[in-house]
Every structure is written in structure tokens, then in C-alpha cells.
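Q: Quick one, fold the following:
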Amino acid sequence: MNIHLHLVRMATLILFFSNCGSPVEPPQTGAGELMPLQAGNYWIYQIWPFATPDTARAEITRKVSVRIDGVTYEASAFLLPYPVNGPRPPFEWLYWNGPEGLYWLGGVSETDTFLYKTLLFKYPANVGDSWRVRRINYNEFDGKFYFFDTLVFGLVSKDEEIETPAGTFKCYVYKYRRRPADDVAEEWDYYHYYYPEIGRVAYITRGISDNRIIDRMYLISHFVFK
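A: Down below sits the predicted model:
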């Protein structure tokens, strides 16, 4: 192994273990990026899609140059968390850190490319800020991307403490609400916990009728270049 890479990995592990005893304070507002998007960055999570927890991996695979409305962006191809013992997703989202936070620039797969620009998670932001996100989805049956829905995202906290296997973090917490499917009457609340300069450290879905936890995901470890 390259000695420089080995030292960087060791430094990351030291930081990871040193954070386990006390909450990790968020960086000064506006410092760094909400989610580091260097190729090779990855995050390992414990997820509960069902009753039994599983381990999932998310990663930045490469840089992709895209042109949207006459402007060229150096996007990062991102694989959503997928079970480490399962197949990789057949598509990648395109993310970009811009002047207002983390942007979504569309998606790519072997069969389709869909480019558009929308602010996904505003950073820095103030509690109470809200914005509309036009989302896309990917149909694995025909290998095509398509516009899915438009949701109102909002920031509900800038320093909420959450405990994960990787440590306790004080996070930016983003929330949106939607019905999980057309045949489900109840709406659910979706919470994304981000620690700036590391990325997403937790994700929780709750039913709004009784605040029950429907599914959740917590960071186990990470390796990021900033």
C-alpha cells in the first residue's frame, strides 16, 4: 500500500475512534463543504430496511464533466448506500458543491443520462429555511431516468445531537415530508443528518401519526478526502 495513503487512512481511523467519547461539534458555519465529493470517498452504514440490520456502502466513484444550460460542471458520480453483500446500483447520481450547498446535477447509467441542476441540501442555512427540490428517479426495467416529484425541503436544526457507531455528532438536520407510495394514505417524515466536512451520518424515516421509526441508517465508518 502507498505509504501516504496508509497514513491518511490511519489519521482517519484515529479521528474516528477519538470522536466516540463526546459529541463532535459542527465546524464553524460555512466552513468547508457539507459533503466532500472527492473520488474515492466512501461511507459505511448500518441500515434497517427490514427487522434485521444490514451493512451498506456509499461512495464517490469518479468525476464527470457535464454541461447544463451552457455551463460546464465537474460533477461527482455518487453511488447511493447499497448492501455490501449485494450488487452495486445500476446508476449513479451526479452531485456538485456549489455556492449555496450540495446540488443535484442528474444521473447517469449505462443506458441513460439525465442532466438538470437543483439545490438538494442548502449549506450554510438557517433553521426554518425551505426550498423546493424537483426529484428524479431511475426505472431499472427500462433503464431510464424520469422526473419523480417535487418536494419542499427544510432545515430543522443546525446542532442536533445524534449517536452513531462512528461517534456522536451535532448535525445539520434536513427534513421533507411525502407519501411513500400512492397506495399509502399516511405521510412520512424523512430526516437527513449531515455533519459538514464528513457528509451524511444518519437517516431516519418516521410516521407522522405516532412518530414511530420506520427505517433508519447510521454511520459506522468513513474515509474522505476534503
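
Q: May I have the secondary structure class of the spatially most central residue of the chain?
A: The residue lying closest to the centre of the chain (Cα atoms, centre = their mean) is residue 200, at 4.9 Å. State at residue 200, reduced to three classes by DSSP: H, G, I helix; E, B strand; the rest coil: strand.

Q: So it sits against residue 35, correct?
A: Yes: the criterion here is Cβ atoms under 8 Å, and residue 200 meets it with residue 35 at 7.0 Å. For the C-beta atoms, the positions are set from N, CA and C on the backbone; glycine is no exception.

Q: sorry, back to before: dump the residue contacts of the residue nearest to the centre of the chain.
A: Contacts for residue 200 (Cβ atoms under 8 Å, 6 or more residues apart in numbering) come out as 35, 43, 58, 192-194, 219.

Q: quick one: the spatially closest residue to residue 23 that is not a sequence neighbour and residue 88, what's the gap?
A: Distances taken as Cβ to Cβ, 6 or more residues apart in numbering place residue 168 nearest to residue 23, at 4.4 Å, with adjacent residues excluded. From residue 168 across to residue 88, the span is 31 Å (Cβ to Cβ, to the nearest Å).

Q: And residue 153, by the same measure?
A: From residue 153 to residue 88 the distance is 27 Å (Cβ to Cβ).

Q: And stretch 125-132, what's buried?
A: Using 16 or more other Cβ atoms under 10 Å as the test for burial, stretch 125-132 gives 125, 131.

Q: Send me that stretch as CSV with only the CA atoms.
A: Output of stretch 125-132 as CSV, limited to C-alpha atoms (Å, rounded to 0.1, in the frame of the first residue of the first chain):
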residue,chain,number,x,y,z
ALA,A,125,-28.5,27.6,6.1
ASN,A,126,-30.7,28.9,8.9
VAL,A,127,-33.3,26.9,10.8
GLY,A,128,-36.6,27.5,9.1
ASP,A,129,-35.2,27.9,5.6
SER,A,130,-37.1,25.9,2.9
TRP,A,131,-36.7,25.3,-0.8
ARG,A,132,-38.3,23.2,-3.5
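
Q: Not counting it itself, show me its contacts.
A: 101, 119, 122, 150-158, 172.

Q: Taking these together, which two end up most distant?
A: Spanning the widest gap among those are 150 and 158, at 25.0 Å by Cβ to Cβ.

Q: Between these two, which has more neighbouring residues?
A: Per other Cβ atoms under 10 Å, whichever of residue 150 and residue 158 has more neighbours is residue 158, with 17 against 10.
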